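Student: I would like to see how this sequence folds:
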Amino acid sequence: MAKIATGLDQFEEEFWKRFKGQSLGLLANQASVDHNLKNAKYAISTLLPGDLKILFGPQHGFRGEDQDNMVETEDYFDPELHIPVFSLYRNKMDRLSDILDNIDLLIIDLQDVGTRAYTFISTMLSCLKEVAKSGKRVLILDRPNPLGGIIVEGNLLRPEFYSLVGPFTLPMRYGMTIGELAYLFNDAFKIDCDLIVLPLKGWHRQMLWEDTGLRWIMPSPNMPLLETALVYPGQVIWEGTNISEGRGTCRPFEIFGAPFINPFIIKKGLASKDIEGCYLQEYCFRPTFNKWKAKLCGGFMIHVLNPNIFRPYQTSLALLRIIIETYQDKFAWQKPPYEYEFTRLPIDLIFGDSSVRLALEAGKDIEELLERYSKELEGFLESRKPYLIY
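Tutor: Here you go, the predicted structure:
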């Protein structure tokens, strides 16, 4: 098993010397650790004492303490470093331009999960825009994409569906690191941010997380395990429905279902090609919070057996189609609001294209949909090439 060095590890070796005497801000969270599991705030403040002036947290907070969507972490003072900690989650992003007056460089060290519908890349994009306006600089400490850098999946998001869970015309699973995305965003949006990406050492595109030799530190409360990240590019779609995505259980996104679902009926309707590389275990659960709180739900626990052939988007799309068809009178799309969008359907924001929902409602064949998306993906793979570091 390889042992790679993250951007933070590289920063600690020699790169930190370039920033002596500069005022620094750090956007990070509890998963921003080096190979010794030391958090980035300690690593940077130890090497550059007194230079780290401000901490910023993405969704769920710098400490990862806030559980659900649309919960904004309160500001506070870090008890060890005695510096302010600000949330940059959605509405709290607006004050960043004023805060930037106090720093020379914004360091971003976030563990992304390789799925478009995860808000960290939107937060990074907003930071690039604000920093560019202020004339300051950004340093991205790159981290691995836990899903690797080769396989891509899903339809491309349409610009009219840009949101916090879809900031650009990416597929659901894009196979790029957060550093590569920073280069892409900077160019595509003509941001002209003074941007440095400190790359990974020893990471190759075919690597999944288990190949890196790194420990998994959950980047958000409902991303507890690597297995969660492996299923997330498909399982996130349940957030746009009245099906529980497993929040309120110990294995969110791996566990999913609803009180009206009979898993044995659903399983019979699935084609073997739609569940390659995984096993759907019939499962009963009772969520302790969120959808169907305290109600007994029928559904599945999805076990990834071979991540190299498992296609989460295809699998979850096939499941969704059968559930819609089987439970037309009980299935429903979730109503707004969702991630600060108050009018558009959450599922359309998650899919990034309302035509996906309409095709499912019309009973379109999954294979036909995937074939349509494959042509889009070919174009995406070509367009991302200039921004690939690895």
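Student: Residue 321 looks like it's in a helix, true?
Tutor: Yes. According to DSSP: H, G, I helix; E, B strand; the rest coil, residue 321 belongs to a helix.
Student: That one is in contact with residue 366, isn't it?
Tutor: Yes. Using C-beta atoms under 8 Å, residue 321 makes contact with residue 366 at a distance of 5.8 Å. Using the backbone N, CA and C atoms, a C-beta is placed for each residue, glycine as well.
Student: In the longest helix along the chain, which residues are buried?
Tutor: In the chain, ranked by residue count with DSSP state H as the criterion, the top helix is helix 366-383. By neighbour count with 16 or more other C-beta atoms under 10 Å, helix 366-383 contains the buried residues 366, 369, 370, 373, 376, 377, 380.
Student: same thing with stretch 224-241?
Tutor: For stretch 224-241, burial by neighbour count (16+ other C-beta under 10 Å) applies to 224, 226-241.
Student: CA atoms only: put that stretch into CSV for me.
Tutor: Coordinates of each C-alpha in stretch 224-241 appear next as CSV, following Å, rounded to 0.1, in the frame of the first residue of the first chain:
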residue,chain,number,x,y,z
PRO,A,224,-18.3,8.6,8.6
LEU,A,225,-16.5,6.0,6.5
LEU,A,226,-14.8,5.4,3.2
GLU,A,227,-17.8,3.2,2.3
THR,A,228,-20.1,6.2,2.7
ALA,A,229,-18.1,8.1,0.1
LEU,A,230,-18.1,5.1,-2.3
VAL,A,231,-21.9,5.1,-2.5
TYR,A,232,-22.5,8.8,-2.1
PRO,A,233,-22.5,9.8,-5.9
GLY,A,234,-25.7,7.7,-6.2
GLN,A,235,-27.2,7.7,-2.7
VAL,A,236,-27.2,11.4,-2.4
ILE,A,237,-30.3,11.5,-4.7
TRP,A,238,-32.5,10.2,-1.9
GLU,A,239,-32.1,13.7,-0.3
GLY,A,240,-34.4,14.9,-3.0
THR,A,241,-37.1,12.3,-2.2
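Student: Figure out how far it is from the centre of its chain.
Tutor: Here stretch 224-241 shows a centroid-to-chain-centroid distance of 10 Å under the convention C-alpha atoms, centre = their mean, to the nearest Å.
Student: cool, stretch 100-115 as well?
Tutor: 15 Å.
Student: What average pLDDT does that stretch get?
Tutor: Averaged over stretch 100-115, pLDDT sits at 97.
Student: now do the same end-to-end measure for it.
Tutor: Terminal residues of stretch 100-115 are spaced 29 Å apart (C-alpha to C-alpha, to the nearest Å).
Student: Over to stretch 268-276?
Tutor: Terminal residues of stretch 268-276 are spaced 15 Å apart (C-alpha to C-alpha).
Student: repeat for stretch 325-339
Tutor: Taking C-alpha to C-alpha, stretch 325-339 runs 28 Å from one end to the other.
Student: same check, this time on stretch 71-87
Tutor: End to end - C-alpha to C-alpha - stretch 71-87 spans 11 Å.
Student: mind checking how far stretch 53-66 is from the chain centre?
Tutor: On the basis of C-alpha atoms, centre = their mean, stretch 53-66 sits 15 Å off its chain's mean C-alpha point.
Student: can you check stretch 245-259 too?
Tutor: With C-alpha atoms, centre = their mean, you get 18 Å for stretch 245-259.
Student: show me where pLDDT drops low in this protein?
Tutor: By pLDDT under 70, the low-scoring segments of the chain are 1-2, 70, 91-92.
Student: Residue ranges of each domain in it, please.
Tutor: Here the domain parsing of the chain from automatic domain parsing is 7-221, 226-352.
Student: Can you add distance to residue 385 and give those domains back as TSV?
Tutor: Shown next, in TSV, are the domains of the chain (distance: least, C-beta to C-beta, whole Å):
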stretch	distance to residue 385
domain 7-221	10
domain 226-352	21
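Student: among these, which is nearest residue 388?
Tutor: For these, distance to residue 388 was read as C-beta to C-beta. The smallest value, 5.8 Å, belongs to domain 7-221.
Student: phi, psi of residue 300?
Tutor: When read as degrees, to the nearest 10, the backbone of residue 300 gives phi -140, psi 160.
Student: Surely it touches residue 262?
Tutor: No. At 11.2 Å, residue 300 does not count as touching residue 262 under the criterion of C-beta under 8 Å.
Student: So for these two, which sits in the more crowded spot?
Tutor: More neighbours surround residue 300 than the other of residue 300 and residue 262, with 22 against 14 (other C-beta atoms under 10 Å).
Student: any idea how far residue 332 is from the more buried one?
Tutor: 19 Å (C-beta to C-beta, to the nearest Å).
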